[in-house]
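> Sequence below, structure please.
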Amino acid sequence: DSSEASLSVVFENIEGCSSTCLQMLLENISGLTVDADFTVELIPEINVAVATFIKSIDTKEFVKKCSQHKRVREFKMTARLLESTHTIKAENLPDSISRKDLTVYFENARKGGGPVSDVQLFPEENSAIITFCDRKGNA
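The predicted model follows:
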């Protein structure tokens, strides 16, 4: 499904750049505004951030611009498109969450979801593994 680029870009090796610094850097490169046009989620445990674009942009071109940008190279960060997946892990779920609740939530097309084929609940970890019928639904 190479005809449809991901709406999310992964930034690796981000430890040299604070959250605010990264957001401003991405605004400078994209010409867009954080929160209105894109969101940034930091995953410090693995030294990664994910920028997800709300506004439609050419993410392949954006990744190319990032790899050529002076500051990105200075910070030794890398950027790549987030791969599509059939399975995701949802964490920090409320104790009362049910399989049905999760299925309906992750099938919400307005939130980027799609048809769910399976939900495995792990109450002891307050997490779940959600498996989609196809790779388009990866909310």
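> mean confidence for the lengthiest helix in the chain?
Identified as the longest helix of the chain according to DSSP state H is helix 19-30. The average of the pLDDT scores along helix 19-30 is 96.
> for it, packing partners?
Contact here means 3 or more Cβ pairs under 8 Å, 6 or more residues apart in numbering; DSSP states H and E; on that basis helix 19-30 packs against strand 38-43, strand 48-53, helix 59-68, helix 70-74. Every C-beta, even on glycine, is put in place using the N, C-alpha and C of the backbone.
> Just the CA trace of the longest one, in CSV.
If I follow you right, that is helix 59-68. Extracted in CSV, the C-alpha atoms of helix 59-68 (Å, rounded to 0.1, in the frame of the first residue of the first chain):
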residue,chain,number,x,y,z
THR,A,59,4.7,13.2,4.6
LYS,A,60,7.3,11.6,2.2
GLU,A,61,8.5,15.1,1.2
PHE,A,62,8.4,16.2,4.9
VAL,A,63,10.7,13.2,5.8
LYS,A,64,13.0,14.2,3.0
LYS,A,65,13.1,17.9,4.2
CYS,A,66,13.8,16.7,7.8
SER,A,67,16.8,14.5,6.7
GLN,A,68,18.3,17.5,4.9
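> buried stuff in it?
59, 62-63, 66 (16 or more other Cβ atoms under 10 Å).
> List just the nearest of those to V10.
V63 (9.3 Å; Cβ to Cβ).
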